[in-house]
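Provided below for reference: sequence and predicted model.
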Amino acid sequence: MTRILFICLGNICRSTMAEFVMKNLVNKAGLTDNFHIESAATSRYEIGNDTDPRTKRKLTEMGVPFTKRRARQMTKADYKEYDYIIGMEEDNIRNIMKIIGSDPDGKVFRLLDFAGRDDDIADPWYTGNFDETWDDVLEGCTALLKKL
């Protein structure tokens with residue numbers, strides 16, 4: 001089983017969008033039993049909060065199912081539990097590395113790395129542009145599934 005952990009700053013917008021998009025792609029491919037997919041934050045800002053309502057609206061608009069969840073902060077122990085730890089932007093990667101210390105197994109990536117792009121996924125909490133975030137998350141998750 002391939003275990004994937006998506007990471008962003010607060011775990012209510014980008015990483016949750018990626019979690020549900022990836023689960024949907026995997027389900028449509030008939031591979032649900034082959035994957036364990038979750039998300040987490042690098043910060044404690046939103047711990048315990050559900051997915052941002054604007055993210056839920058975008059997922060609903062695009063026909064992607066989601067469930068109620070609670071934001072959580074990534075821990076050092078997550079490094080052992082997951083095969084892929086995928087941040088949305090370079091700041092996430094720096095903060096992931098502060099949490100885990102090092103990446104000896106080469107598990108840490110930015111999501112758009114899988115799409116061959118040296119780009120960050122903008123935080124829609126600040127930009128308000130959930131459409132752009134959707135496009136980037138879908139591109140990254142689609143490329144990740146092709147790789148796997």
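Received the coordinates, thanks.

what residues does stretch 133-144 touch?
The contact list for stretch 133-144, computed with C-beta atoms under 8 Å, 6 or more residues apart in numbering, reads 4, 13-14, 17-18, 21-22, 25, 58, 62, 84, 86, 111-112, 114-117, 119, 121-124, 127. No exception for glycine: its C-beta is placed from N, CA and C like everyone else's.

Low-confidence ranges, this structure, go.
The model of the chain has no residue with pLDDT under 70.

Which residue ranges of it form helices?
For the chain, applying DSSP state H gives helices covering 14-28, 53-61, 78-81, 90-100, 124-127, 130-147.

ok so, going back, give the buried subset of the contacts of stretch 133-144 as a ChimeraX selection command.
Restricted to buried positions by 16 or more other C-beta atoms under 10 Å, the ChimeraX selection for the contacts of stretch 133-144 reads:
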select :4,13,14,17,18,21,22,25,58,84,86,111,112,114,115,119,121,122,123,124
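
Would you mind measuring from the most far-flung residue of the chain relative to its centre to K80?
Residue farthest from the centre of the chain, counting by C-alpha atoms, centre = their mean, is P104 at 20.9 Å. Distance, P104 to K80, using C-beta to C-beta, to the nearest Å: 11 Å.

Pull up the overlap in contacts between the two.
Shared contacts of P104 and K80, defined by C-beta under 8 Å, 6+ apart, are absent.

How about N95, nearest residue that isn't a chain neighbour?
Once flanking residues are discounted, N95 sits nearest to T42: 3.6 Å by C-beta to C-beta, 6 or more residues apart in numbering.

Near that neighbour, how many other residues are there?
Residues lying near T42 (other C-beta atoms under 10 Å) number 24.

Same question for L31.
By other C-beta under 10 Å, 13 other residues sit near L31.

again with D33
By other C-beta under 10 Å, the residues close to D33 number 8.

Name the nearest residue to it, sequence neighbours excluded.
The shortest distance from D33 to any non-neighbouring residue, by C-beta to C-beta, 6+ apart, is to M1 (7.8 Å).
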